[in-house]
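**Q** the sequence and its predicted three-dimensional model are supplied below.
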Amino acid sequence: MSDAAVCKDDHCHCHGHDHDHGQSHGHDHVHDDGHCHCHDEGGGWEVTLRLIVVTACIYVAGLVANFVNPLGIMDITWVKYVVFLVPYLMVGLPVLIGAAKGIARRELLDEQFLMAVATIAAFTIGEAAEAVAVMLFYQVGEWFQDRAVDNSRKSISSLVEIKATYANVEEAGVIKRVDPEDVEVGDIIVVTAGERVPLDGIIVKGASELDTSALTGESMPSFLEPGQEVLSGFVNGTNTLHVRVTRPFEDSAVSRVLDMVTNAASKKAKTEAFVRRFARVYTPIVVGAALLLAVVPPLVLGPANPAVWADFIERACVFLVISCPCALVISVPLSFYCGIGSLSRRGVLAKGGNYLEQLARVETVVFDKTGTLTQGKFHVEAITPVEGVTPERLLGLAAHVEQRSTHPIAQSICDAYAERLGIPPTLNLPEHSDEVVETPGHGLCAECVEGRICVGNDKLMDREGIVWTSSDQPGTVIHVALDGTYLGYLVVSDEIKPQAREAIEGLKALGVRDTVMLTGDKEPVAQRIASKLGIDRFFAQLLPGDKVAKVEELLVQNVAGSKETLAFVGDGINDAPALARADVGIAMGAMGSDAAIEAADIVLMDDNPARIADAVKLSRKTVVNARENVVFAIAVKFAVFVLGALGIANMWMAVFADTGVAMLCVLNAMRLLRTK
């Protein structure tokens, strides 16, 4: 993971440049411009803590001896140096070794090299006690910082630890425990109570309540029964389930979640890009300023006065200690990483920090009505045949044609026919024939033994030259005609989601100024839904291809040069082009849609539109958090620069401005993990 402050292995590095660190490292650090490193984690932190405590005790003893000065022994220069050299080497030796390695790699702007130069310089000007204090508190700050980063890494990792380690495969009545990656599509797996579902599939036997919170963020368990889909990552609650696997492990919901969370760190926000650019120039400039401060003033004020040289060398050491941009390079990426991790806990997956920044600035949210604001599950509300035609015949002709379509409305008509007559629709239609023609946004026409049947909307009837009857009933009107003769119409409706109004109100409460609904429904139907939900604008009677054009039009309407962004929300069915074109594409309940996952920037694991407002709110908190770290770190460092140049700030203050500020920024970033 390049430019990352949080790693997935047991080490932590922060980088200021782009290259892949796929292999693990030990006590390494970055090169050229990042200058930050983290110590070994795991059990090593306890050893480091003991070393710090012992060193502190020896250091305090040295300070007491220096103050009491028994028999005047501390007046002997070499004695004083030895007394403080021992604790210095105890905590400073790893840094000195790291500095030597950096020199061998020609990395003279490495943090450890700069810390070594600063403390050795302090020794040379007689400030041995201060040199030990700087190295000691540097190590204390590094220890706290490493622990904080490690805890945040573990917290984030726990959010996505949803992969089952085994699958119970049933073969000839015998259950075998195998790796989920070895299970094939079509196999039957057995999931007992308390086990995590290892692969996506359809329940073939058993019914149970399942905890879906790991994927959807929904705390209430879902009751699933035979015929319903179950996703990997769900936890079975009560009864044993037999599940037929429908996707291989690499295409399962768990794999997609883990891939998206893992790859999110590679897509940097603009704030992260700024930090990266800043890190490249910050350290060289500060080191250059330190050299000038150490040389120029003494040459001007008193080239022959050792006290003047010692004074300005000490001031230069302050510059060297705070010349590393650790607080920024570590904490800003960590802010976005924690923000992404906190969203994932709520069932919202962001593909990168750049999309969080885009979402934080959203002012226009465009909804594709079906599947986002409505359930996307249609049902036939009314069957209105002309005189001489029975409702069964009208519904039967429509169902026989619609069985060839994958549209949700077509499925609802087929379901209504099967429910009404107790049989599925069958018609002597050829398997592969140009005689069944579906026109997107219009409907279908089919040549069959009954004749030429056309089933579709007003536009299809007009195209075929068929006089049709209008309807005032709310819903989508589907007309049916046979050999050019109008037979009547069906009214198909879709229920509004119970959380839809809450979603719109939540967005408006956050200051989103424009909510837009796109639909293929007639204007009266669209008007009724928009009014009920409080949507600002709607565009009705749109063909699938019209939605992308409308998104383009709305994007153009945004003020040129404005930082405002537009988000498009779809359910993943025929929405991929619009999702890809918007500033931020949000796919709802899309873990089963490859196209939606590829095109979307934000993926909602369930069908709750209210989570969109939650995502906007948390994205704004994340951006604010990152900017807080930037402003705080730069402000403190600048203040210490000024005070150091004036001779007011000492090296203790410089250590706080380096590791202390870094630790505070890391802790600030970690607050996002506790955001509710």
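**A** Structure received. Numbering: from 1, shown residues only.
**Q** next, count neighbours for the nearest residue to Glu363 once chain neighbours are set aside.
**A** Take Glu363 and drop its neighbours on the chain: the residue closest to it by C-beta to C-beta, 6 or more residues apart in numbering is Glu564, 4.0 Å away. Any C-beta I mention is one placed from the backbone N, CA and C, and that applies to glycine too. Counted with other C-beta atoms under 10 Å, residues neighbouring Glu564 total 14.
**Q** before we move on, what about Ile120?
**A** By other C-beta under 10 Å, 15 other residues sit near Ile120.
**Q** and Arg361, by the same measure?
**A** By other C-beta under 10 Å, the residues close to Arg361 number 18.
**Q** excluding chain neighbours, what is closest to it?
**A** Nearest to Arg361 is Thr565, by C-beta to C-beta, 6+ apart, at 4.8 Å.
**Q** the residue nearest to Glu363 contacts Val365, correct?
**A** No: under the criterion of C-beta atoms under 8 Å, Glu564 makes no contact with Val365, lying 11.5 Å away.
**Q** per-residue confidence for Thr345?
**A** One thing to correct before we go on: residue 345 is Arg, not Thr. The score at Arg345 is 80. That number is its pLDDT.
**Q** that one and Thr55: what is the separation?
**A** When C-beta to C-beta, to the nearest Å is applied, the distance between Arg345 and Thr55 equals 40 Å.
**Q** more neighbours: the two, which one.
**A** Neighbours were counted for Arg345 and for Thr55 using other C-beta under 10 Å; Thr55 has more, 22 against 17.
**Q** what residues does the helix or strand hosting that one touch?
**A** Taking DSSP states H and E as the criterion, the element that holds Thr55 is helix 44-68. If you take C-beta atoms under 8 Å, 6 or more residues apart in numbering as the criterion, helix 44-68 is touched by 39-40, 73-74, 80, 83-84, 86-87, 90-91, 129, 132-133, 136, 139-140, 143, 146-147, 150.
**Q** kindly report the same for stretch 440-455.
**A** With contacts defined as C-beta under 8 Å, 6+ apart, stretch 440-455 is touched by 397-398, 400-402, 404-405, 410, 413, 427-429, 433, 435-439, 456-457, 459-461, 463-464, 466, 478-484, 520, 542-546.
**Q** PyMOL command for the buried members of those?
**A** What follows is the PyMOL syntax for the buried subset of the contacts of stretch 440-455, where burial is set by 16 or more other C-beta atoms under 10 Å:
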select buried, resi 397+398+400+401+402+404+405+410+413+427+429+436+438+456+457+460+461+464+466+478+479+480+481+482+520+542
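**Q** tell me the contacts of Val243?
**A** Applying C-beta under 8 Å, 6+ apart to Val243 gives the contacts 188-191, 197, 199, 201-204, 230.
**Q** next, find the distance separating the residue lying closest to Leu394 once chain neighbours are set aside from Thr485.
**A** Nearest non-adjacent residue to Leu394, counting by C-beta to C-beta, 6+ apart: Pro385, 4.2 Å away. Relative to Thr485, Pro385 is positioned 12 Å away (criterion: C-beta to C-beta).
**Q** same check on Ser213?
**A** If you go by C-beta to C-beta, the gap between Ser213 and Thr485 works out to 55 Å.
**Q** more neighbours: those two, which one.
**A** Ser213 (20 against 12).
**Q** quick one: pLDDT of that one?
**A** Confidence score, pLDDT, at Ser213: 73.
**Q** swap in Leu108?
**A** Listed pLDDT for Leu108 reads 68.
**Q** rewinding a little: what about the residue nearest to Leu394, neighbour count?
**A** Using other C-beta under 10 Å, Pro385 is surrounded by 19 other residues.
**Q** how far away is it from Val365?
**A** Here the distance between Pro385 and Val365 works out to 41 Å (C-beta to C-beta).
**Q** same check, this time on Ala172
**A** For Ala172, the distance to Val365 equals 53 Å [C-beta to C-beta].
**Q** which one of those two is surrounded by more residues?
**A** Set side by side, Ala172 and Val365 show more neighbours around Val365, with 30 against 4, by other C-beta under 10 Å.
**Q** quick one: secondary structure of Arg452?
**A** Classification of Arg452 into helix, strand or coil gives strand, according to DSSP: H, G, I helix; E, B strand; the rest coil.
**Q** what about the stretch 151-300 of the chain, any weak spots by pLDDT?
**A** In the prediction, the stretch 151-300 of the chain carries residues with pLDDT under 70 at positions 151-162, 214, 216-219, 260-268.
**Q** go on, the stretch 351-500 of the chain?
**A** Filtered on pLDDT under 70, the stretch 351-500 of the chain yields the residue ranges 423-434.
**Q** what ranges does it have for its helices?
**A** For the stretch 351-500 of the chain, helices defined by DSSP state H, counting those that start in this stretch occupy the ranges 353-360, 391-402, 408-421, 458-463, 500-509.
**Q** any chance of those in CSV, plus distance to Ala645?
**A** CSV is the format used below for the helices of the stretch 351-500 of the chain (distance: least, C-beta to C-beta, whole Å):
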stretch, distance to Ala645
helix 353-360, 35
helix 391-402, 79
helix 408-421, 69
helix 458-463, 75
helix 500-509, 48
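**Q** nearest to Arg581, out of those helices?
**A** With C-beta to C-beta as the criterion, Arg581 lies closest to helix 353-360 of the helices of the stretch 351-500 of the chain, at 13.3 Å.
**Q** remind me what the closest one packs against, helices and strands.
**A** Counting contacts by 3 or more C-beta pairs under 8 Å, 6 or more residues apart in numbering; DSSP states H and E, helix 353-360 packs against helix 270-301, helix 326-345, strand 565-570, strand 584-588, helix 610-645.
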